[in-house]
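Peer 1: Let's see this in three dimensions:
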Amino acid sequence: QVQLVESGGGLVHPGEALTLSCAASGFTFNTYAIQWHRQAPGKERELVAGISSNGNGNNLYADSVKGRFTIARDNSKNTAFLQMSSLRPAYSAVYYCMAIMARSAYWGQGTQVTVSA
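Peer 2: Here you go, the predicted model:
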């Protein structure tokens, strides 16, 4: 069956870095674009970053994370990544990986990122 499994979340201090991973299985990973979204308590889920199916071209970033986050993927390992640096408390949220192609979309279960002093 289709699975997207996020990992790498945790508790970090402001200014520190963290890399999230999204391991995919059960579908043809290299035909799907990948997006990372996040949802903080009491807030709507928001798009953080996106990368095309082959990883070429311009990646997409929310204005709030430009220059701090980098999205990447390794199609040989069916895995996507979100490298986060200079983390702020406002970035605390559950981070979700989503695979999307046309009208087909799959979500992971999310991984918690908490940025606190």
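
Peer 1: right, and residue 79 touches residue 72 too?
Peer 2: No. Applying C-beta atoms under 8 Å, one finds residue 79 not in contact with residue 72, separated by 9.3 Å. Quick note: C-beta positions are derived from backbone N, CA and C, even for glycine.

Peer 1: Start and end of stretch 74-81, how far apart?
Peer 2: 8 Å (C-alpha to C-alpha, to the nearest Å).

Peer 1: Secondary structure element for the most centrally placed residue in the chain, which one?
Peer 2: What sits nearest the mean C-alpha location of the chain, by C-alpha atoms, centre = their mean, is residue 36, with 3.1 Å. Per DSSP states H and E: residue 36 is located in strand 33-39.

Peer 1: List the buried residues in that strand.
Peer 2: 33, 34, 35, 36, 37, 38 (16 or more other C-beta atoms under 10 Å).

Peer 1: now do stretch 68-83
Peer 2: 69, 70, 71, 73, 75, 78, 79, 80, 81, 82.

Peer 1: so what strands line up beside the strand holding residue 36?
Peer 2: strand 46-51 (antiparallel), strand 93-101 (antiparallel) (DSSP bridges).
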